[in-house]
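Student: Provided below are the primary sequence and the corresponding predicted coordinates.
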Amino acid sequence: MSKKQNSESVDSVLIKRLYVFFEPYKWWAITAIILTLSAAFLGTVRPKLTQIAVDDYISVGDIDGLLWIIFLLGVALLGEFIILIFNTYITRWFGQGVLFRIRNAVFEKIQGLHVQFFDKNPIGRLITRTTSDIEALSELLSDGIVNMLGDLFRIFFILTFMLMMSWELTLISVLVLPVLFYSTFWFKGKVRIAFLNVRDQIARLNSFVQEHINGMAIVQLFNRESKEKERFEAINNEHKDAHIQTIFYFSIFWPIVEVLASVAMALVVWYGGARALMDEVTFGVLLAFIQYVRQFFNPIRGLSEKYNTLQSALASSERIFDVLDTKNEVLETKKPIRPDKVEGRIEFENVSFRYNSDQELILNNVSFEAKPGELLAVVGATGAGKSTLINLLLRYYDIEEGEINLDGVDIKKMSLNYLRSNFGLVLQDNALFSGSILNNITLGKETISREQVIKVSKEVEAHNFIKKLPGTYDFELQERGASLSMGQRQLICFVRAMVYDPKILILDEATSSVDSETEELVARACKRMMIGRTSIVIAHRLSTIQGADNILVMHKGSIREKGSHKQLIKRKDGIYRKLYELQYREQAIGKIPVN
């Protein structure tokens, strides 16, 4: 298949897929098409009325007939004006409805994708897909498609009226069309590639800006402003060049259309004027043809502009459908299991996993058990695979080998929503959203009352600082909770984890970034939170896990040691003891506490 055929095939597929979102508004679209057809007819009938006025009434001095034609011209103008008002409103109304449905579909898809998708796709690129790429469809869906049909109708009506008056002058008028068609096809092939490049450069620009705004503190700390400015200028320059490329093609194409329109007008005046002087064509017909030639190239210009819009929209829709077509690598079974009750027994059986097929195993043949109500701690150096255990347990990723069971049931056989609803998770990195503290805790779940939130906040010892804020639980947080301290943000995350009353609690470095005073508050809160729950704690500070029922010591993706703090600290050459010594190296080895 040639590139041209392939491009046309892709375009037709994209248009068919866009129609799925368009379908609920099809009757409004049909109404808009009828109005467009009517406006096109009223707009092209005026030169014909002018010809009748000149040939049938002005030439013979018939004032009454002329007044009638003037009245009809006024009706045509007023009718076209009113139709265009209604048509513009309707097309833009259902166009925004289609965009609304597309945005919802893309956001819903993104929310349901596996976590690994976000590892490989920059946030700025995804923002581009859900904002500017969809917005690029706005002009096409709001009035582009309907107006393209309107332009085609205008060309049809113009040619019909021209043929009715003189086929010879019609033939003279369209002599330039072969050159115009060739120019249009050349323009089509070039501009499509240019618009695809523009969308790519916009995504790159958005990704860079989003990434550097999030990391602005680091940029300023290391005095990287000038270097990052240079990198931004390079990306911005490529973005500019991509737009200039499209401008270059338009700067060639538009003058060609203008010149051809002028040539067609000159041919009509030359040939028609000569025929009029020989009384073979009336002056009314000549005047009407001059108006029709001027009108004829207006919809051609319009079609070229709409083609510009179409190419931009199709380039964007390709990227939108790339997201919508992304296969979720973490799927539920056809008939997922939802056990009536969860006790909290967790079992890893010979689990192996790697994030990418070209890298070494992150977990290698890992097996352990966390009993109901037990506190299991996981320690190890950075990169040992501690957080990966949590990602696999919550099925953010699927394992390569082995099996993970919850109460004896393979988690792959469970409903994802049900599985995750049994876990409370507090991470080192606080995940807060713009909005009230109450909404950040409940996440919009209506069954959780304010009273429940306050009760849990008191248990977690977060109520004291919340009640001092303006508006208390209705205090509006800034993005990522920037208006609060690190410790306060972490306490809110604890409240959120507990208000859902999870059966299993997971703390992943939850106290590593808070001050000593807040850590003490959190430690007391944790003890209360863990009562009656299976708890998994990942920690660097070994002082926080000395009371754990069982401690797993991980090293390079494997479990090297298991046991309680008292058991592990007695192993003189053990990894746990070495980690402990590193944190308490000011104490003599012989004085290391064993309880």
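Tutor: Looks like it came in fine.
Student: Look up how far Val351 lies from the one residue sitting closest to the centre of the chain.
Tutor: Centroid-nearest residue in the chain: Thr130, 2.5 Å away (criterion: CA atoms, centre = their mean). Using CB to CB, to the nearest Å, Thr130 is found at 35 Å from Val351. For every residue, glycine as well, the C-beta is placed using N, CA and C.
Student: secondary structure class for Leu73?
Tutor: With DSSP: H, G, I helix; E, B strand; the rest coil as the basis, Leu73 sits in helix.
Student: Please report the distance of it from Ile110.
Tutor: Taking CB to CB, one finds Leu73 at 55 Å from Ile110.
Student: likewise Asn391?
Tutor: Relative to Ile110, and taking CB to CB, Asn391 is found at 18 Å.
Student: repeat for Tyr19
Tutor: Distance of Tyr19 to Ile110, given as CB to CB: 22 Å.
Student: From the neighbour counts alone, determine which of those two ranks first.
Tutor: When neighbours are counted by other CB atoms under 10 Å, Tyr19 and Ile110 differ, and Ile110 comes out ahead with 17 against 11.
Student: Report all helices and strands that the helix or strand the more buried one falls within contacts.
Tutor: Using DSSP states H and E, Ile110 sits in helix 63-112. In terms of contacts (3 or more CB pairs under 8 Å, 6 or more residues apart in numbering; DSSP states H and E), helix 63-112 is packed against helix 3-22, helix 26-52, helix 123-130, helix 132-135, helix 138-139, helix 145-165, helix 283-324.
Student: what sits up against the shortest one?
Tutor: Which is helix 138-139. For helix 138-139, contacts defined as CB atoms under 8 Å, 6 or more residues apart in numbering pick out 95-96, 99, 309, 313.
Student: Now find how far off-centre that helix is within its chain.
Tutor: 17 Å (CA atoms, centre = their mean, to the nearest Å).
Student: Now that helix: average pLDDT?
Tutor: The pLDDT scores in helix 138-139 average 74.
Student: And the last one, by the same measure?
Tutor: Averaging the model's pLDDT scores along helix 283-324 yields 77.
Student: what element comes up after it heading to the C-terminus?
Tutor: strand 346-353.
Student: Now for Gly402, how many residues are close by?
Tutor: 16.
Student: before we move on, back to that, what would the contacts of helix 138-139 look like in TSV with distance to Leu140 and neighbour count?
Tutor: Output for those, formatted as TSV (distance: CB to CB, whole Å; neighbours: other CB atoms under 10 Å):
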residue	distance to Leu140	neighbour count
Gly95	8	25
Gln96	12	13
Leu99	10	17
Thr309	5	22
Ala313	4	26
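Student: okay, now the residue lying closest to Thr31 once chain neighbours are set aside: neighbour count?
Tutor: With sequence-adjacent residues excluded and distances taken as CB to CB, 6 or more residues apart in numbering, Thr31 is closest to Ile90, at 6.3 Å. Neighbourhood size, Ile90 [other CB under 10 Å]: 19.
Student: surely Ile90 meets Leu35?
Tutor: Yes. Between Ile90 and Leu35 there is a contact at 7.3 Å, judged by CB atoms under 8 Å.
Student: mind checking how far the closest residue to Ile58 other than its chain neighbours is from Gly563?
Tutor: Closest residue in space to Ile58, ignoring its immediate chain neighbours: Leu66 at 6.2 Å, by CB to CB, 6+ apart. With distances taken as CB to CB, Leu66 is found 108 Å from Gly563.
Student: any idea how far Lys578 lies from Gly380?
Tutor: 11 Å.
Student: neighbour count winner among these two?
Tutor: Legend: neighbour count by other CB under 10 Å for Lys578 and Gly380, higher for Gly380 (23 against 12).
Student: Please name the nearest non-neighbouring residue to that one.
Tutor: Met554 (3.6 Å).
Student: Against which helices or strands is whichever strand or helix holds the one you found packed?
Tutor: Taking DSSP H and E as the definition, Met554 sits inside strand 550-555. Here strand 550-555 touches strand 375-380, strand 558-563, helix 565-569, helix 575-583, going by 3+ CB pairs under 8 Å, 6+ apart.
Student: Please find the angle between the direction vectors of the longest helix anywhere in the chain and helix 145-165.
Tutor: With DSSP state H setting the assignment, residue counts place helix 225-277 as the longest helix in the chain. Inter-element angle recorded for helix 225-277 and helix 145-165: 20 degrees (by axes from the mean of the first three to the mean of the last three CA atoms, to 10 degrees).
Student: just checking, what packs against helix 225-277?
Tutor: Short answer (3+ CB pairs under 8 Å, 6+ apart): helix 225-277 packs on helix 167-173, helix 177-214, helix 283-324.
Student: Please identify the deepest-packed of the helices and strands packed on strand 550-555.
Tutor: Neighbour counts (mean count of other CB atoms under 10 Å) averaged over each of the helices and strands packed on strand 550-555 peak at strand 375-380, with a mean of 24.
Student: In terms of secondary structure, what does that strand contact?
Tutor: helix 386-393, strand 534-538, strand 550-555, helix 575-583.
Student: ok, the contacts of helix 138-139 vs Gln116, which is closest?
Tutor: Nearest to Gln116 among the contacts of helix 138-139 is Leu99, at 29.1 Å by CB to CB.
Student: Give me the pLDDT for the closest one.
Tutor: Looking at Leu99, the pLDDT reads 83.
Student: Repeat that for Arg585.
Tutor: The per-residue pLDDT of Arg585 was computed as 55.
Student: and the residue nearest to Asp151 when sequence neighbours are not counted, how many neighbours?
Tutor: Excluding the flanking residues, the one nearest Asp151 by CB to CB, 6+ apart is Pro299, at 3.6 Å. Around Pro299 sit 24 other residues, with neighbours defined as other CB under 10 Å.
Student: dump the residue contacts of Pro299.
Tutor: Applying CB under 8 Å, 6+ apart, the residues contacting Pro299 are 150-152, 154-155, 158.
Student: residue contacts, Asp200?
Tutor: Counted by CB under 8 Å, 6+ apart, Asp200 has contacts Ala242.
Student: at 10 Å what do you get?
Tutor: For Asp200, the contact set (CB atoms under 10 Å, 6 or more residues apart in numbering) comprises 125, 128, 238-239, 242, 315, 319.
Student: where in the stretch 101-250 of the chain is pLDDT low?
Tutor: 119, 122, 124, 143-144, 188-189, 192, 214-215, 217-222 (pLDDT under 70).
Student: re the thing from before, in the contacts of Asp200, find the pair that's most separated.
Tutor: Glu238 and Arg319 (17.4 Å).
Student: Comparing these two, which residue is more hemmed in?
Tutor: Taking other CB under 10 Å, Glu238 and Arg319 do not tie; Arg319 has more neighbours (20 against 14).
Student: With adjacent residues omitted, what lies nearest to the more buried one?
Tutor: Sequence neighbours aside, Asp133 is the residue nearest to Arg319 in space, at 5.3 Å (criterion: CB to CB, 6+ apart).
Student: now do Asn147
Tutor: Lys306 (6.1 Å).
Student: what does Ile63 give?
Tutor: Ranked by CB to CB, 6+ apart and with sequence neighbours excluded, the top spatial neighbour of Ile63 is Tyr57, at 7.8 Å.
Student: which SS state does that neighbour fall under?
Tutor: Under three-state DSSP, Tyr57 comes out as helix.
Student: and the gap between it and Leu324?
Tutor: When Tyr57 is compared with Leu324 (using CB to CB), they lie 61 Å apart.
Student: So if I had to pick from the two, which one is more boxed in?
Tutor: A direct count of neighbours by other CB under 10 Å for Tyr57 and Leu324 places Tyr57 higher, at 19 against 16.
Student: returning to that earlier point: can you list residues touching both of Lys578 and Gly380?
Tutor: In contact with both Lys578 and Gly380: Val553, using CB under 10 Å, 6+ apart.
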